[in-house]
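Student: From the sequence below, what's the structure:
(chains A and B)
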Amino acid sequence: MEPWRKAPAVFVANLLPPAAWLGVFFVLPLSLLWLYSFGDKVGITGIDINWTLANYARAADPLYLGILIKSVWIAGAATLTCLMIGLPVALAISFAPRHVQPWLLLLIILPFWTNLLIRTYALIAVLRTNGHVNYVLEWLWSAGDGLLNLIGLGGYQILGTGFTPWSLLYNDAAVVTGLVYVHLPFMVLPLYAALYRLDRSLIEASLDLGAGHLRTFFYVIAPLVLPGIASGVIITFIPALGAYLTPDLLGGTDSQMIANVIERQFKAANDWPFGSALSFLLMYITFFGLAVRSLLAGRRGGGVSA
Amino acid sequence: MRFPGTPIGPLDYHRRLPLRLILISSLIFLYLPILTLVAFSFNDSRRNIVWHGFTLKYYQKAFADSELMLAFGNSLSIALFSTLISTVLGTMAGYLLWRFRFGGKTALEGTLAMPIVIPEICMGVAMMAFVARIGWPQDLPWPLNLSAITAAHIAFCFPFAAIVIRARMESFNRQLAEAARDLGATEFQTFRDVVAPHMKPGIVAGALLGFTLSLDDFVITFFTSGPNSITFPVKIYSMVRFSVTPEVNAASTILIILTVALTAIALRIQRRYPIAGV
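Tutor: A predicted model of the protein is given here:
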């Protein structure tokens, strides 16, 4: 790399346009939001910036604190589920033959390239009351009922008088399912990267010395890929926490997350200062997570890049 | 070479049944909803649950829906404009970060990574507040009515392009550019004839990435778009809110095919010219 003074004209010509664009259409809007978060609402559209901390204090209000805790809980449940699915998946991929691995990874990543909205909509079609899952369940029910009739137990109505569809949508479980569906690639990739670099002879040694596969997994593999697990957990948790579309479309009235509250402050409730404060709280949590991740990566000597 | 009949070795985790089952069921979990969505866009029934035969009528309906087509046109225009500008800006930023050492470089890199890492909702509401604060005119003629959305899209697309381009430049031998300059080439000639040919796959990959990101974006657009600047995802969102219908399936399938095709092209390019870190 050369010092910029060696070609100042080239340096400035390449620096100014991107820096200006970022400054005007990113830093400036965020700064405005930051200022608004210290303001008071005046009338319908006016915002008086008087450096009040009331908006941040309001986030500790039981109602909003409850939503904040619920968001952390839902994002945490989704992250844990991703980890529980992602670990065996990444393990299977990393031990697959070399020429198959890229294709398996591609299969995991490809859904990520279809639109988030469309994937969420696809889940709605599967989970709704008259969706595909309930259709299969109904079929199973009538098959089971038919079977019971066949063996002469039909009169006892063991399976109930009729099939009642399960309500799989508009609740917390639906939001968790949606978040897992969307964020699974975020978890699998860092785990795969860590497992791929694992020294296989250590696993062999553990097996040779008499440990079973589960013991080897928990006492040898898991500690060695811990940085990868930490990385995967953080980069899955962060976008899950800030998710807007998934709780909006799959969640019920009581499974709203922070992003939905922010949206409401900017649209229906028209309280921009409070919405701005919530946005910045969400951003601070994000930055905290990223800082933890880079600290962990730094301590483990380069760590795992996702 | 392993043969199907050989016993499972201790490290053949991919051949163990439980792991295999989890892998296969994860893939089914990932693909089944999308595949049924695509399949039912061709289903000749409004109920959208039982297969009644093949039809293209929902595609005809989708293409005849003027609002939907207007939104589609808007999305393509926004994606095109933002790709053009973000590719140029991304090339500049990627080249700058690769070539120069300067004070505040870490700060610039950090700011450049911000649009990628912060939650979309924050960028969306920030842009909404910004557009309202400076009084961005709403009722401009096409394509200027899309300018606010395009500006926001460029702001989150070009950092991706910059990262891809910079990663590609890691495999470039700096001495080649120095030699060209020593031999009398101007800065522009050096860039055009020596640096750019190596950078090209990175530029193309960055452009395709930008196009798909812009085409797919919902959250940021949702907060920036006005009544005259509805995009395809925003339109689909308003349709999804009402019900699950074959028309939505057809519209979604069009978008899926478009993005998957673009991704396939990008992957082909990357396979031919590997880009480090991508």
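
Student: The longest helix anywhere in chain B vs chain A: in contact?
Tutor: Looking across chain B with DSSP state H, the single longest helix is helix B:66-99. Yes: residues of helix B:66-99 contacting chain A under CB under 8 Å from any CB of the partner chain: B:88, B:89, B:90, B:92, B:93, B:95, B:96, B:98, B:99. Heads up, the C-betas are built off the backbone N, CA and C, glycines and all.

Student: how's the chain carved up into domains?
Tutor: This is for chain A. Chain A breaks down by automatic domain parsing into domains covering A:64-114+A:168-299, A:129-166.

Student: my bad, the chain I had in mind was chain B
Tutor: With domains defined by automatic domain parsing, chain B comprises B:13-58, B:59-272.

Student: And chain A, is the shortest one touching that?
Tutor: Spelled out, it's domain B:13-58. Yes: using CB under 8 Å from any CB, domain B:13-58 reaches chain A at B:13-14, B:18-20, B:22-23, B:26-27, B:29-34, B:36-37, B:40, B:47-50.

Student: the helices in the stretch 51-200 of chain A, which residues?
Tutor: Under the criterion DSSP state H, counting those that start in this stretch, the stretch 51-200 of chain A contains helices at A:54-58, A:62-94, A:101-109, A:116-127, A:132-150, A:172-196, A:200-208.

Student: actually chain B, sorry about that
Tutor: Going by DSSP H, chain B shows helices at B:17-40, B:57-64, B:66-99, B:105-117, B:120-133, B:147-169, B:174-182, B:187-190, B:196-216, B:219-224, B:232-242, B:246-272.

Student: same question for stretch A:60-67, mean pLDDT?
Tutor: Here stretch A:60-67 scores 91 as its mean pLDDT.

Student: ok, now stretch A:229-249?
Tutor: Stretch A:229-249 comes out at a mean pLDDT of 93.

Student: Could you list the alpha-carbon positions for that stretch in CSV?
Tutor: Extracted C-alpha coordinates of stretch A:229-249, given in CSV (Å, rounded to 0.1, in the frame of the first residue of the first chain):
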residue,chain,number,x,y,z
ILE,A,229,-20.2,-21.4,17.7
ALA,A,230,-19.9,-18.0,19.4
SER,A,231,-19.5,-16.3,16.0
GLY,A,232,-22.6,-18.1,14.6
VAL,A,233,-24.7,-17.4,17.7
ILE,A,234,-23.9,-13.7,17.5
ILE,A,235,-24.4,-13.2,13.7
THR,A,236,-27.7,-15.1,14.0
PHE,A,237,-28.9,-13.4,17.1
ILE,A,238,-28.3,-9.8,15.8
PRO,A,239,-30.4,-9.8,12.7
ALA,A,240,-33.0,-12.0,14.4
LEU,A,241,-33.3,-9.4,17.2
GLY,A,242,-33.9,-6.6,14.7
ALA,A,243,-36.3,-8.6,12.5
TYR,A,244,-39.3,-6.6,11.3
LEU,A,245,-41.0,-8.7,8.6
THR,A,246,-41.1,-12.1,10.4
PRO,A,247,-43.0,-10.9,13.6
ASP,A,248,-45.1,-8.6,11.5
LEU,A,249,-46.4,-11.3,9.2
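
Student: ok, for whatever residue of the stretch 51-200 of chain B ends up closest to chain A, nearest residue in space, not its chain neighbours?
Tutor: Closest residue of the stretch 51-200 of chain B to chain A, CB to the nearest CB: residue B:119 (2.8 Å). The shortest distance from residue B:119 to any non-neighbouring residue, by CB to CB, 6 or more residues apart in numbering or on different chains, is to residue A:242 (2.8 Å).
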